[in-house]
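**Q** sequence isn't available, so here's the structure alone:
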């Protein structure tokens, strides 16, 4: 694959590399560039501990002291239990002891060990962790306490040592070593419940859902009163689109732990993805009842649910609550734009004649309506409405995807194959490339900006870049670089005549022009390849419909990563995206691709209501007057999410333009002065 690499030496001993694979560029002058970069640390997941205290009769116990101690025996919180219980925000991952001190009451003092580990989210934000205390009466006071069986095992010493080694690895963020030790503990003692439970949870956190299920099933066979096992099992099934099973396991977890905010949140997602909207709504509302503002994410999911049902007023009202209550919100401007979009949908809905009101009247571009101007009109409006409803149901982020008809499968295959043809055609053109690189902070705001402009000329199946400007300052070496380019072109013309050179050029074009970004952010090296061909081959597509871009008819499909499909390290970000592709029906070429974080999808809310230029991933092509398609824009925008693009919290834009046919005959080489940009 052709590659373009720009290496910048930074003021600190950090190295930033931007790589564009589209086709290979050479720019030795850039390696001497110095830049200063301000790095922002990624946000870690924090927790909100919400506790309730009751007696054996189920009555609330108040005015007893609650103390929370960390693993270094330092007090992190102390206070009294109120009728609403107790609460502690912004607690970091780790081990804690919560003690209920009952001096002056008829109850016995009680303590619970608590190990906080992120499960619901990959990183960033706050996760609710509910705890419940059932106090026993002191001997001789109050009604006799009913004892319930406590699960315990006699674990072999060697197995326990491996388990403890595994937990220490996990505490140090050494996931692979931790999993290896837990697996060893299970090998030594196959019925080791604690090891099985933790191993299954770690598999779920790592996205290894298929591996998690048998481990968690075995754990449940050993201990049938394990809400964390049922919860993790439900999450694994949910991610694999096994919705009835997910609902079953999450329901059992809720029965065992009725105060679990996370379980209710996941139940809402499972019910909603399964088309059971009433039950989904109830689960999300219960989430808010249990978690309050700390569970503000449920407002966002309710917005998606209401938007899907065209209940636009309720949708934007929930989103306003989310904007008000959510902590450390990364994209408040995007949320405000979505609220405005939903209000416009409400107005449009109210203005429609009664005959057109209903499912087909939505302007949701993630499930295009029959009545939309972007759609072709047909005589059978009822059939179009039914198709739109089916598309909306299938477009749920976690719902099973129905099989595509053969015509769409063939279209996708031909679109993929045509990528190699387009890649090769690009070698017939010169063009201008503008590369904009922004480093973002945790809220998605830019802390550093760098802009380079180049001219690109084809040489032996690749391109050479001539630097025109850096951060608005014209390059002083343009003349020298042009002389170098002319010399390279002359040498290339001689080699072009050999069959070997022609074969090499033909072999290198294997897919769509792609872009990549690699470098260091906050001390962590990341590498991402924005490759359309990989997305076409590793994702499943659904909800086909027709729209128009200009005068071109487009086939539009939603996509998501196909569960179980392996991805290379630089393509793993694809598993965290959902999005849409636009394919030119006549030319069978990808015209546009958008990708959004799957964690923000919320029943296709972000695709339908967020501004389209704020997508996390954009790939766009334009059709030249002679019918040739060429790239116009490639963008990767983490938007403050360090967990999305291999830790790189950047906004990187590649803009292509000023395409011109280029004759590689050395005698005809004419390199004009660059067109000045405003």
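**A** On my side now, so go ahead. Worth saying up front: this structure is predicted, and the values here are computed from it rather than measured.

**Q** need the next SSE after the helix or strand harbouring residue 231, C-terminal direction.
**A** Using DSSP states H and E, residue 231 sits within helix 227-239. Downstream of helix 227-239, the first helix or strand assigned by DSSP H and E is helix 243-256.

**Q** buried sites along that following helix?
**A** By 16 or more other CB atoms under 10 Å, the buried positions in helix 243-256 come out as 243, 245, 246, 247, 248, 249, 250, 251, 252, 253, 254, 256. From N, CA and C alone the C-beta is placed, and that goes for glycine too.

**Q** again, but for stretch 280-300
**A** Result for stretch 280-300 [16+ other CB under 10 Å]: buried residues 280-281, 283-284, 286-288, 290-292, 294-300.

**Q** and what of stretch 257-273?
**A** By neighbour count on 16+ other CB under 10 Å, the buried set for stretch 257-273 is 257, 259-273.

**Q** got it, and stretch 572-590?
**A** Buried residues in stretch 572-590, defined by neighbour count with 16+ other CB under 10 Å: 572-584, 587-590.

**Q** now, the residues you listed that are in strands?
**A** Using DSSP state E, the members of the buried residues of stretch 572-590 that fall in strands are 577, 578, 579, 580, 581, 582, 583, 584, 589, 590.

**Q** not counting sequence-adjacent ones, nearest residue to the first one?
**A** In space, and not counting its chain neighbours, residue 577 is closest to residue 595: 4.0 Å by CB to CB, 6 or more residues apart in numbering.

**Q** repeat for residue 337
**A** Among residues not flanking residue 337 along the chain, residue 611 sits closest, at 5.0 Å (CB to CB, 6+ apart).

**Q** if we can go back for a sec, show me how far the helix holding residue 231 is from its chain's centre.
**A** The chain centre lies 20 Å from the centre of helix 227-239; the measure is CA atoms, centre = their mean, to the nearest Å.

**Q** likewise for stretch 628-639?
**A** On the basis of CA atoms, centre = their mean, stretch 628-639 is displaced by 18 Å from the centre of the chain it belongs to.

**Q** same question, stretch 628-648
**A** 12 Å.

**Q** how long is that stretch end to end?
**A** 34 Å (CA to CA, to the nearest Å).

**Q** where does the stretch 351-500 of the chain dip in pLDDT?
**A** Counting by pLDDT under 70, the stretch 351-500 of the chain shows low-confidence ranges at 353-399, 459-462, 485-486, 488-500.

**Q** try it again at 90.
**A** Counting by pLDDT under 90, the low-confidence segments of the stretch 351-500 of the chain come to 351-403, 420-430, 441-445, 454-468, 470, 472-500.

**Q** quick one: the strands in it?
**A** For the stretch 351-500 of the chain, strands defined by DSSP state E, counting those that start in this stretch occupy the ranges 429-440, 446-459, 462-470, 473-474.

**Q** hmm, back to that, residue 56: which of the ones in strands among the buried residues of stretch 572-590 is nearest?
**A** Set against residue 56, the nearest of these by CB to CB is residue 578 (47.0 Å).

**Q** give me the beta-bridge partners of that closest one?
**A** As for beta bridges, residue 578 partners with residue 560, residue 596 under DSSP bridges.

**Q** ok, the residue of the chain positioned farthest from its centre to residue 196 distance?
**A** If you look at how far each residue of the chain sits from its centre, by CA atoms, centre = their mean, the farthest one is residue 140, at 56.4 Å. Distance, residue 140 to residue 196, using CB to CB, to the nearest Å: 41 Å.

**Q** also residue 427?
**A** To residue 196, residue 427 is 56 Å away according to CB to CB.

**Q** also residue 529?
**A** 37 Å.

**Q** with residue 270 instead?
**A** Relative to residue 196, and taking CB to CB, residue 270 is found at 23 Å.

**Q** and for residue 642?
**A** As judged by CB to CB, residue 642 and residue 196 stand 31 Å apart.

**Q** kindly report the same for residue 432.
**A** According to CB to CB, residue 432 stands 58 Å off from residue 196.

**Q** could you check stretch 213-222 and say which residues are buried?
**A** Across stretch 213-222, burial judged by 16+ other CB under 10 Å covers 213, 215, 216, 218, 219, 220, 222.

**Q** isn't the last one up against residue 194?
**A** No: taking contact to mean CB atoms under 8 Å, the distance of 10.0 Å between residue 222 and residue 194 leaves them out of contact.

**Q** for residue 87, what are phi and psi?
**A** phi -150, psi 140 (degrees, to the nearest 10).

**Q** residue 48 contacts residue 127, doesn't it?
**A** Yes: counting by CB under 8 Å, residue 48 does reach residue 127; the two are 7.3 Å apart.

**Q** comparing those two, which residue is more hemmed in?
**A** residue 127 (24 against 21; other CB atoms under 10 Å).

**Q** list the beta-bridge partners for the more buried one.
**A** Beta-bridge partners recorded for residue 127 (DSSP bridges): residue 47.

**Q** report the separation between it and residue 325.
**A** Distance, residue 127 to residue 325, using CB to CB: 15 Å.

**Q** what do you get for residue 56?
**A** For residue 56, the distance to residue 325 equals 35 Å [CB to CB].

**Q** OK, contacts around the residue nearest to residue 337?
**A** By CB atoms under 8 Å, 6 or more residues apart in numbering, the contact set of residue 611 is 334, 337, 341.

**Q** with adjacent residues omitted, what lies nearest to residue 281?
**A** Distances taken as CB to CB, 6+ apart put residue 305 closest to residue 281, at 6.1 Å, once the chain neighbours are dropped.

**Q** assumed that neighbour was part of a strand.
**A** No: applying DSSP: H, G, I helix; E, B strand; the rest coil, one finds residue 305 to be helix, outside a strand.

**Q** may I see the buried residues of stretch 308-320?
**A** Residues 308, 310, 311, 312, 314, 315, 316, 317, 318, 319, 320 are the ones in stretch 308-320 that count as buried (16+ other CB under 10 Å).

**Q** sorry, back to before: let me know which of the strands of the stretch 351-500 of the chain is tucked in deepest.
**A** Counting by mean count of other CB atoms under 10 Å, strand 462-470 has the highest mean neighbour count of the strands of the stretch 351-500 of the chain, with a mean of 22.

**Q** and that strand, which strands flank it?
**A** Paired neighbours of strand 462-470 in the sheet (DSSP bridges): strand 446-459 (antiparallel), strand 473-474 (antiparallel).

**Q** where along the stretch 551-678 of the chain do the helices fall?
**A** Along the stretch 551-678 of the chain, the stretches classed as helices by DSSP state H, counting those that start in this stretch are 605-609.

**Q** all good on my end, thank you.
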